[in-house]
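Enquirer: got a predicted structure plus its sequence, pasted below:
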Amino acid sequence: MPTVHDWINSPLGIVDGLFAQSISCPDWEKKVVEYFKEKLKLNDTHSWVPSLNDVPLHYLKPNSLVKFRCMVQDMFDPEFFMGVYEMNDPTSNSKQVKCGKYKDITEGGQVDFNSRNTVTSERQTFYSCDCWFPFFLLTNMKVNQARVVPSTSYVPNRHKRSYEEDDEMDTQPQQMKDGSHGAQSSAESHGNIEPKRQETEAPSHDSSPSHCTSSLDLNFPLPGEKGPACLVKVYEDWDSFKLNDMLEVFGILSVDPALSVIADEREASSLLDPTEGMETVEEQKVHSPPASLVPRLHMLYAQPLVHNNPLLPSSVSENNGNYLSSVLGELASIRAELLTYLTHVLLGDSLAAEYLILHLISNVYSRQDVLPLGKFTLNLSGCPHSSPFTEHLYKVIQQLVPSSYRLCMSLHNMNNQRMVPRKDYTANRLLSGTLQLANNTSLFLDETQLEQGQLDATGVRNITALGNLISWQKVDYDFNYHQMEFSCNINVLITSEGRSLLPSDCQVHLRPTLNPPNLEEYLSAVQVAQVPSQLNKYRIYLSVARAVNYTISDEITKAVEEDFVEMRKDDPQSMSAEDLHRLLDVARLLSLSHGQNTLSRDGWMKAKQLEALRISRTPQQKCVNGNEP
């Protein structure tokens, strides 16, 4: 194994070398992409590449190869750049043709803008944010070794910090290394606290000019999110990417301070002469943020993320059949352990725990016209209002799924929070909203926080948007003059005291069998009892169960049809087509939860028993808006 990876530390050298051969090799640009693709396919070389998600920006070497797991949050207008330009060297009185691809700033002498060798090219810019892995720091550090090894060939330009900050940052790499060989602190290792994100945002206001942080809105979808964010420069096939796509991007990092100087000069010239440029001051701020806060990443290669669980291979179902077969045999035993854990969390209610597992592995696997197939929105009713139960339940789910968000449906949030993204034509950007979420995100709607009061026009629009998300798995983005529909794949869990005012696919009324004297201490103790290795098993289980392909044999299909006719024989109203559809969903998820990729007769009978128990908890069996009692 080589000790110095030139293609990681100095990828521009590879690009320039292939560009120099452009006369004999006209398709040199394809050769560049193929070169890095081949390098990344060898063994585990992709794990050698430092991650912008996990390594602080000032520890990364400029112009080195990095990777970034991200969601495409916004798409800017295409921009022009000098793909090839000619430099005049005044010292040697010579000219040299250089490559401008994968760069923001020209290098060398003076550019000859009148040269016939100059080639103007076009590229697209994506504003991308982190895919957000709350449990990432609690996983085995061996998942990504590159994230804990600072560059040995680059001395970071450290910003001035306080002594406390210096001590923390100086000891952080060693602590992380130690954490990969030994146990973490007891509180963190047991998963009873939210993991602390490493410092990937800009330094604090003590070490940077105040105008950099105060005037720049990073426009993250979720309140309180800290990044990182990145401007991804795309050079080819950008039409194949869509808004909200989850990608793992491999590209060349650009953090040249000259980018900020150029942006400041353009802003000043616009203020002095508004007719000089086509962009407004607001648009310039958005499209040219300081590189120290929002670095540029020149894409060499990107692959879509089928899931956002860092514990699994990037493609679970397609190219990793051996991995799937080795894990499927263990799913049944892991399921039993997870069921016991969730039963304790749900105060002894094993039926609610069963349905919670089904909800957590649900996934929109297909769409039939406008109907999303596979979604399973769960309404857990009977949750106490004046207790920390829903908060602790969300913490449990947060520890189990890669990405999640808890939305407290208070009257203030409903009337004031922007949930639907809206186009800002002045700044020429998409203002993000709470519902602009990456696929496979678990959205926890806490309806127990909704108090009496009046919803204003914004509140009504937000409730409508939540209803559309649940029913149709879509969000209508607001472009002022029209609305644009964007499909999504979001798992929605609603906790409420009574039946939720929002639609759901299934309602389970909580029936606790345990009554601990101190609920908060009990729930905290249940969480602390789960060691990291056990939590990792649950995390892998939930992601693998979602990825298994599911089929129903003709024999079982015929048996289900006969059973449906038999159930309607005595009372046609006892089983509708909607009831059958939900029962088939429960049977499908139940089979997948046991690691079975097809429905068996025993699985069908078990699904019927679960549904009978669930419906028996409430006397009413039908309700409006498609809700279940």
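Expert: Okay, I see it.
Enquirer: flag every buried residue along stretch 596-614.
Expert: Going by neighbour count (16 or more other C-beta atoms under 10 Å), the buried part of stretch 596-614 is Gln596, Leu599, Gly603, Trp604, Lys606, Ala607, Leu610, Glu611, Arg614. Backbone N, C-alpha and C define where each C-beta goes, glycine included.
Enquirer: now, those residues that are in helices?
Expert: Within these, residues falling in helices by DSSP state H are Gly603, Trp604, Lys606, Ala607, Leu610, Glu611, Arg614.
Enquirer: surely the fifth one and Glu354 touch.
Expert: Yes: the pair formed by Leu610 and Glu354 meets the contact definition of C-beta atoms under 8 Å, at 6.2 Å.
Enquirer: residues contacting Asn117?
Expert: Counting by C-beta atoms under 8 Å, 6 or more residues apart in numbering, Asn117 touches Val84, Tyr85, Glu86, Val97.
Enquirer: and the closest residue to the first one other than its chain neighbours, how far is that from Ser94?
Expert: I take that to be Val84. Residue nearest to Val84 in three dimensions, not counting chain neighbours: Val119, with 3.9 Å by C-beta to C-beta, 6 or more residues apart in numbering. For Val119, the distance to Ser94 (C-beta to C-beta, to the nearest Å) stands at 20 Å.
Enquirer: so where is the stretch 51-200 of the chain shaky, pLDDT-wise?
Expert: The model of the stretch 51-200 of the chain has pLDDT under 70 over residues 108, 131-200.
Enquirer: would you map the helices across it?
Expert: 163-181, 186-189 (DSSP state H, counting those that start in this stretch).
Enquirer: same question, the stretch 301-450 of the chain
Expert: Under the criterion DSSP H, counting those that start in this stretch, the stretch 301-450 of the chain contains helices at 321-345, 350-360, 389-400, 411-416.
Enquirer: of Val119 and Ser94, give the one with the bigger neighbour count.
Expert: Counted by other C-beta atoms under 10 Å, Val119 and Ser94 do not tie: Val119 has more neighbours, with 15 against 10.
Enquirer: and that one, what does it touch?
Expert: Met82, Gly83, Val84, Tyr85.
Enquirer: my guess is the third one contacts Arg116. True?
Expert: No: applying C-beta under 8 Å as the test, Val84 and Arg116 come out as separate, 10.6 Å apart.
Enquirer: which of the two has more neighbours?
Expert: Taking other C-beta under 10 Å, Val84 and Arg116 do not tie; Val84 has more neighbours (17 against 7).
Enquirer: just list whatever residues bridge to that one.
Expert: Cys99, Val119 (DSSP bridges).
Enquirer: measure it to Phe479 for me?
Expert: Taken as C-beta to C-beta, the span from Val84 to Phe479 is 37 Å.
Enquirer: before we move on, what about Ala529?
Expert: Counting by C-beta to C-beta - Ala529 and Phe479 are separated by 49 Å.
Enquirer: report the buried residues of stretch 106-120.
Expert: Gly109, Val111, Thr118.
Enquirer: quick one, strands of the stretch 51-200 of the chain?
Expert: 65-75, 79-89, 94-99, 110-111, 119-130 (DSSP state E, counting those that start in this stretch).
Enquirer: please identify the deepest-packed of those strands.
Expert: Ranked by mean neighbour count under mean count of other C-beta atoms under 10 Å, the strands of the stretch 51-200 of the chain are led by strand 65-75, which reaches a mean of 24.
Enquirer: ok, and the closest non-adjacent residue to Gly329?
Expert: Gly595 (7.1 Å).
Enquirer: repeat that for Gln473.
Expert: Pro372 (4.0 Å).
Enquirer: give me the beta-bridge partners of that neighbour?
Expert: Under the criterion used here (DSSP bridges), Pro372 is bridged to Arg367.
Enquirer: low pLDDT regions in the stretch 201-350 of the chain?
Expert: 201-216, 260-278, 315-325.
Enquirer: please repeat the previous calculation with a cut-off of 50.
Expert: For the stretch 201-350 of the chain, the stretches flagged by pLDDT under 50 are 201-214, 270-275, 318-319.
Enquirer: go on, the stretch 351-500 of the chain?
Expert: Short version for the stretch 351-500 of the chain, where the test is pLDDT under 50: none.
Enquirer: about what we covered before: how about the buried residues of stretch 106-120 in TSV, adding distance to Val255?
Expert: TSV is the format used below for the buried residues of stretch 106-120 (distance: C-beta to C-beta, whole Å):
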residue	distance to Val255
Gly109	23
Val111	22
Thr118	26
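Enquirer: Arg406: which of those is nearest?
Expert: Nearest to Arg406, judged by C-beta to C-beta, of the buried residues of stretch 106-120 is Val111 at 52.2 Å.
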